[in-house]
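In: got a structure for you, letters missing:
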């Protein structure tokens, strides 16, 4: 443990992870580019984090020089990662905001199936809470308003978008959606 | 892509922005998208503006930034908080890219900082700090303004606290500065986050007294009993850090910490235990040990190592409690655990044994039991080595022989070999055990592994000779030369045909590694035993000097000293000197650096005027010294042969050179130059330069080996020295010899002490000094010197006197 205080900076969060109850990643965004640059390292990190946390449902752990706060719900695990000198309560606020927003959006069913169905909304939520490692918003109500997402049971439009961009001409470009 | 922008579905549009951001690194042709994004940014729908700004800023580069600057400025002061936040955050990202452009938006950011929204405040403050980071005055003005006006955002408060503590650290402000008062007032803020940040900042401040820490510690104490695990964790971690520097401040929290030992979160429990170990008093040690033993079985290996390290620190603090701790440690050894864990425990026990002679027997007994069933070869060999060293000196050494011999029969080759060496040490030191040891050795000679057989045969033959001198040389004090040096000398010997046998004295000695005398435990993350087989500093110097043709015929390098500064730190020319000692010469290497960028020095030579009978033979100049490139020049000096005891000498040094002025920017020198000189400080050559330190693990045996043929003894009175410790330190540094058998540590409250020093004199002869010191109204010292050569003895006595 080192004694130097953190350089005052807005960059507080290093990563956000959502894993399922086998440890596979559902969503993970790493904001610190030096932390785990390659996919392989990221996967290793996720594996060790998962091993440490899924047995005991404590909220907070210390691993590989990083502070990790986490929460689990039904079959999902949410992690927020910060550096060792970071204010743990700040990280907890981010985690709580993420969790509360998601539970409202998914209508209290915070489980894997619904999460995957509405993955695009989840991405938007994460993007609204943290931008590039800086905490953008911490109030769940504000986040919900901004995202303004309605759960749909049709296939996520994220896939449509990717198809279009990768040049898959299926003539779906400007079809208006029926919500 | 642009067609997607025409869609009216919000989600789709937003996903567009996200994708743009993700692809920002890979796509090159972003102009198309930029215009759409700019339109969105300034459009009517607020929902799109924020994300559009962020996406745009992710793909922008410097040229485009100028174009959208106007929009950015408008966005920062926009009334809608999400737009303002997005703009501020994106500006921060772009600071890295183009600091100058973003700097122009300071005023807008300042205006945004007075907004009501808590997140906007936070972001504005962050941006302002980053923009003004290098200007300390601006930062402190900003701080003053905000601390007075008061902010609503807890995040902003946290940021302010961090800025304030950084500022305090840089200016080394005292504790009556207004910044410190601000931080302390934050301890009473509504939000727990702010309170914790303030407490943490106070704790981390370098010069805190216990009184200032008290309010922070009481706040942390409250957190310890909070229902939220994160708070408890944060509090315990910070208390742990406080305990390292001010254990007394934490004793008030001991009760709360003890409650935390049973916490369900293992990290919290371990931290609580380690903090208690640091702050525990002697009487509470027993109680703590009991609590820990019940808890240790449940935690994982890396925590166990942390606990063991804390225990070893505690052992050093309270040496009288060693029996309790040893019992506890040996119980831990018996449980399951990984290699790192067992190694930490073994190191801890060994350090207790070394520090505390009373604990030796119990400690060795515990370790013997451990190696009966140990699967880690490294640990077993280490313990066997220790047994060999310490066992023979215990009152009843025979009981250890049984353990060692069992290892010879049962284990792997490395362990068997180590056991054979340990047995040999017993045989060498205890005459009554010698016959039995010889019998055991004979059995070892039938072993299946050749290393074991070789060692057994070797030791058998040495022991059968029954000569103390041989025992000392071969069994006790191992190879004292550096292995790469030995390799090189042997190689050279084989290259040239010669009639003389190979002389070990020509091999440069190994400088003693400090690890043998270290008593602290290195942290586990970096605890590799420093077995340096890489070429040492000495070998590097030898190669450098051998490359200079004038120094070819000097023979092997005996010793190189540490660099000595001959100039002040900030002068025009910085010169430091390294003294290399050869068999009958000395070479002075002057490393000179020219710090003037408008001068080029050439033909640099350091002229020396000796005060005694030393003779300057030759100078090797440094050809040229351009600005800030260090170069070396050498002086070769012959040592006086007629009076060998005149070893110390003072040289007055002057640096003489040809200086040419040159253009500072290009480095081109003028055509002509002039001679100049620069006076340096005097250089001293002392007796320490003629002696190389050598550690003799068994001083008594080495003493016998050298023999008393050239032994001399004298008594001196040291008038100016008041304590034994001071006398010991003075002698060690003056003679430059290595203290052996831990004799450099003077036990407290003793009036007499014996100091053992060992070294090798120039020419390769061992020199041993035994010095009895007595404290009675000043220090009297009786010095006995033994060596293989008379000159060495005379030199030492003459220099001490």
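Out: All right, it came through fine. Because the structure is predicted, anything quoted here is derived from the model rather than measured.

In: thought residue B:389 was touching residue B:424?
Out: No. Contact between residue B:389 and residue B:424 fails when scored by C-beta atoms under 8 Å: they sit 11.8 Å apart. Where you see a C-beta, it was placed from the backbone N, CA and C, and this is true even at glycine.

In: looking at the two, which is more packed in?
Out: Higher neighbour count among residue B:389 and residue B:424: residue B:424, with 26 against 14, using other C-beta atoms under 10 Å in any protein chain shown.

In: OK, contacts around that one?
Out: By C-beta atoms under 8 Å, 6 or more residues apart in numbering or on different chains, the contact list for residue B:424 reads B:388, B:437, B:441, B:455, B:459, B:462-463, B:475.

In: buried ones in the helix or strand encompassing it, by neighbour count?
Out: In the assignment (DSSP states H and E), residue B:424 maps to helix B:413-429. Residues B:414-429 are the ones in helix B:413-429 that count as buried (16 or more other C-beta atoms under 10 Å in any protein chain shown).

In: what mean pLDDT would you report for that helix?
Out: Average pLDDT, helix B:413-429: 78.

In: just stretch B:55-64 next, same as before
Out: Mean per-residue pLDDT for stretch B:55-64: 76.

In: my guess is residue B:142 meets residue B:132, correct?
Out: Yes. Judged on C-beta under 8 Å, residue B:142 makes contact with residue B:132 at a distance of 6.6 Å.

In: find residues that contact each of these two.
Out: By C-beta under 8 Å, 6+ apart, no residue touches both residue B:142 and residue B:132.

In: what does the nearest residue to residue B:95 once chain neighbours are set aside show for phi and psi?
Out: In this structure, residue B:95 finds its nearest non-sequential neighbour in residue B:102, 5.0 Å apart by C-beta to C-beta, 6 or more residues apart in numbering or on different chains. For residue B:102, the backbone dihedrals (degrees, to the nearest 10) come out as phi -70, psi -30.

In: what sits against residue B:102?
Out: Neighbour list for residue B:102: B:91, B:94-95, B:131 [criterion: C-beta under 8 Å, 6+ apart].

In: now go through these and say which are in helices.
Out: Assignment to helices by DSSP state H places the following of the contacts of residue B:102 there: B:91, B:94-95, B:131.

In: any idea which element residue B:754 lies in?
Out: Assigned by DSSP H and E, residue B:754 falls within strand B:752-761.

In: report the contact partners of residue B:625.
Out: For residue B:625, the contact set (C-beta under 8 Å, 6+ apart) comprises B:592-594, B:600-602, B:604, B:631, B:657.

In: so what's it bridging to?
Out: In this entry, residue B:625 is beta-bridged to residue B:601, by DSSP bridges.

In: that one and residue B:550: what is the separation?
Out: Residue B:625 sits 20 Å away from residue B:550 when distances are taken as C-beta to C-beta, to the nearest Å.

In: give me the low-pLDDT residue ranges for chain A?
Out: Applying pLDDT under 70 to chain A picks out residues A:1-6, A:56-58, A:149-179.

In: same thing with the stretch 701-801 of chain B?
Out: Counting by pLDDT under 70, the stretch 701-801 of chain B shows low-confidence ranges at B:748, B:801.

In: which residue does it have closest to chain A?
Out: Across the stretch 701-801 of chain B, the shortest distance to chain A (C-beta to the nearest C-beta) belongs to residue B:745, at 29.3 Å.

In: that residue: what secondary structure?
Out: The three-state assignment at residue B:745 reads coil, by DSSP: H, G, I helix; E, B strand; the rest coil.

In: out of the contacts of residue B:424, which is nearest to chain A?
Out: Using C-beta to the nearest C-beta, residue B:388 comes nearest to chain A of the contacts of residue B:424, at 37.8 Å.

In: per-residue pLDDT, the closest one?
Out: Looking at residue B:388, its pLDDT is 77.

In: tell me which stretches of the stretch 401-550 of chain B form helices.
Out: For the stretch 401-550 of chain B, helices defined by DSSP state H, counting those that start in this stretch occupy the ranges B:413-429, B:434-444, B:450-465, B:468-470, B:483-495, B:537-546.

In: mean pLDDT for these: which is lowest?
Out: Lowest mean pLDDT of those: helix B:468-470, a mean of 64.

In: ok but residue B:336 is inside a helix, no?
Out: No. Under three-state DSSP, residue B:336 falls outside any helix and is assigned coil.

In: in the stretch 151-300 of chain B, which spans are strands?
Out: In the stretch 151-300 of chain B, no strands are defined using DSSP state E, counting those that start in this stretch.

In: up against chain A, what does it have?
Out: Listed as neighbours of chain A in the stretch 151-300 of chain B under the rule C-beta under 8 Å from any C-beta of the partner chain: B:155, B:158-159, B:162-163, B:165-166, B:169, B:192-193, B:196-197, B:200-201, B:204, B:228-231, B:233-234, B:237, B:240-241, B:264-268.

In: give the buried subset of these as a ChimeraX selection command.
Out: Filtering those down to the buried ones (16+ other C-beta under 10 Å) takes a single ChimeraX command:
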select /B:155,158,159,162,163,165,166,169,192,193,196,197,200,201,204,229,230,231,233,234,237,240,241,265,266,267,268
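
In: thinking again about what came up before, which one of the contacts of residue B:625 is nearest to residue B:782?
Out: The closest of those to residue B:782 turns out to be residue B:592 (C-beta to C-beta; 45.1 Å).

In: ok, that closest one touching residue B:633?
Out: Yes. With contacts counted by C-beta under 8 Å, residue B:592 reaches residue B:633, the gap being 6.8 Å.
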